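J.: Curious how this folds, go ahead:
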Amino acid sequence: MITLYHFGDAFGFDPSPFCLKMETYLRLAGHPFQKKRGDVRKAPKRQLPIIEDDGRIVADSRFIIEYLKAKYGDPLDGHLSAGEKANLHAWQRMLEESLYWTIVYSRWIDDSGWRVFRPLVFGFLPAPLRLIIPSLVRRGVARTLHGQGTLRHSPEEIYGLGLRDVAALATLLGDRPYMLGDKPTSLDASAAGSLINILHAPVESPLKAGTAKHANLVAYADRIRERLKAS
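T.: Sure thing, here's the model as predicted:
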């Protein structure tokens with residue numbers, strides 16, 4: 001059986017959009033699996049998710065999905081045309097290389113989000129470490145965001161960029177049940193990983209407030225989340 005190593009269900013679901021993406025993909029594709037809390041320090045690329053399958057370790061959600069498609073077939077995307085697959089790829093890049101960084105900013109850098117996010121993620125640490133580790137990790141995240149470019153903008157600009165991504169996603173979805181039509185694709189795994197983390201995490205931000213104004217995205221995230229619970 002496939003084992004998915006993730007951060008843990010801090011919000012009733014994994015706080016990492018990529019770990020939640022991977023769980024959603026496995027469930028939508030119908031792959032039996034079990035979840036275990038992973039240790040990012042021992043992960044091959046120092047990040048989660050990773051999977052173990054028949055003794056093989058695969059890291060990074062993109063490469064995990066490629067591996068699963070090659071070994072078990074492609075039940076979600078196999079029916080798509082070359083043009084549809086190109087469209088899917090572009091939307092995934094928007095979610096994972098653009099909107100993702102606004103989510104990170106809302107939790108780690110925005111003080112109002114950090115006050116909520118810190119105890120939820122680091123509350124399990126013993127008292128001495130609980131006072132030291134969060135600030136060290138936060139500074140590391142800030143350096144990453146500055147190098148990546150997000151933190152060179154004002155808060156208003158950062159949230160504005162994220163909300164443009166969200167508005168584009170709402171337009172793409174329209175009144176369809178899934179992002180590309182009547183059937184789920186791997187794009188829905190990426191979209192659910194982001195939208196559930198924005199709308200259902202107990203972190204208030206302009207990103208969450210703006211996303212909640214799109215009724216179709218709210219209903220979509222609720223549907224996917226209920227499907228995950230029922231699986």
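J.: In this structure, where is pLDDT below threshold?
T.: Flagging of the chain using pLDDT under 70 yields the residue ranges 231.
J.: could you pull out the strands for it?
T.: Counting by DSSP state E, the segments of the chain that form strands are 2-6, 33-37, 50-53, 56-59.
J.: Would you format these as TSV with mean neighbour count included?
T.: C-beta coordinates here come from the backbone N, C-alpha and C atoms, glycine included. Converted to TSV, those look like this (neighbours: other CB atoms under 10 Å):
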stretch	mean neighbour count
strand 2-6	20
strand 33-37	13
strand 50-53	20
strand 56-59	14
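J.: Which one of the ones you listed lies nearest to Ser205?
T.: For these, proximity to Ser205 was assessed by CB to CB; strand 2-6 is nearest, at 23.1 Å.
J.: could you say what helices and strands that closest one packs with?
T.: Using 3 or more CB pairs under 8 Å, 6 or more residues apart in numbering; DSSP states H and E as the contact criterion, the secondary-structure elements in contact with strand 2-6 are helix 17-29, strand 33-37, strand 50-53.
J.: would TSV of these with distance to Lys69 be doable?
T.: Compiled in TSV, the helices and strands packed on strand 2-6 are given as follows (distance: least, CB to CB, whole Å):
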stretch	distance to Lys69
helix 17-29	9
strand 33-37	15
strand 50-53	13
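J.: Return whichever helix in the chain runs longest as PDB; C-alpha atoms alone will do.
T.: Among the elements of type helix in the chain, defined by DSSP state H, the one spanning the most residues is helix 127-148. As requested, C-alpha coordinates have been extracted for helix 127-148 and formatted as PDB (Å, rounded to 0.1, in the frame of the first residue of the first chain):
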ATOM      1  CA  ALA A 127       8.200  25.100  26.400                       C
ATOM      2  CA  PRO A 128      11.800  26.100  25.700                       C
ATOM      3  CA  LEU A 129      11.700  25.200  22.000                       C
ATOM      4  CA  ARG A 130       8.200  26.700  21.600                       C
ATOM      5  CA  LEU A 131       9.800  30.100  22.400                       C
ATOM      6  CA  ILE A 132      12.700  29.700  20.000                       C
ATOM      7  CA  ILE A 133      11.900  27.500  17.100                       C
ATOM      8  CA  PRO A 134       8.900  29.400  15.600                       C
ATOM      9  CA  SER A 135      10.800  32.700  15.300                       C
ATOM     10  CA  LEU A 136      13.800  31.000  13.700                       C
ATOM     11  CA  VAL A 137      11.600  29.200  11.200                       C
ATOM     12  CA  ARG A 138       9.600  32.400  10.500                       C
ATOM     13  CA  ARG A 139      12.800  34.300   9.700                       C
ATOM     14  CA  GLY A 140      13.800  31.500   7.300                       C
ATOM     15  CA  VAL A 141      10.400  31.800   5.600                       C
ATOM     16  CA  ALA A 142      10.800  35.600   5.300                       C
ATOM     17  CA  ARG A 143      14.200  35.100   3.600                       C
ATOM     18  CA  THR A 144      12.700  32.700   1.200                       C
ATOM     19  CA  LEU A 145       9.800  35.100   0.400                       C
ATOM     20  CA  HIS A 146      12.200  37.900  -0.100                       C
ATOM     21  CA  GLY A 147      14.400  35.900  -2.400                       C
ATOM     22  CA  GLN A 148      11.400  34.600  -4.300                       C
END
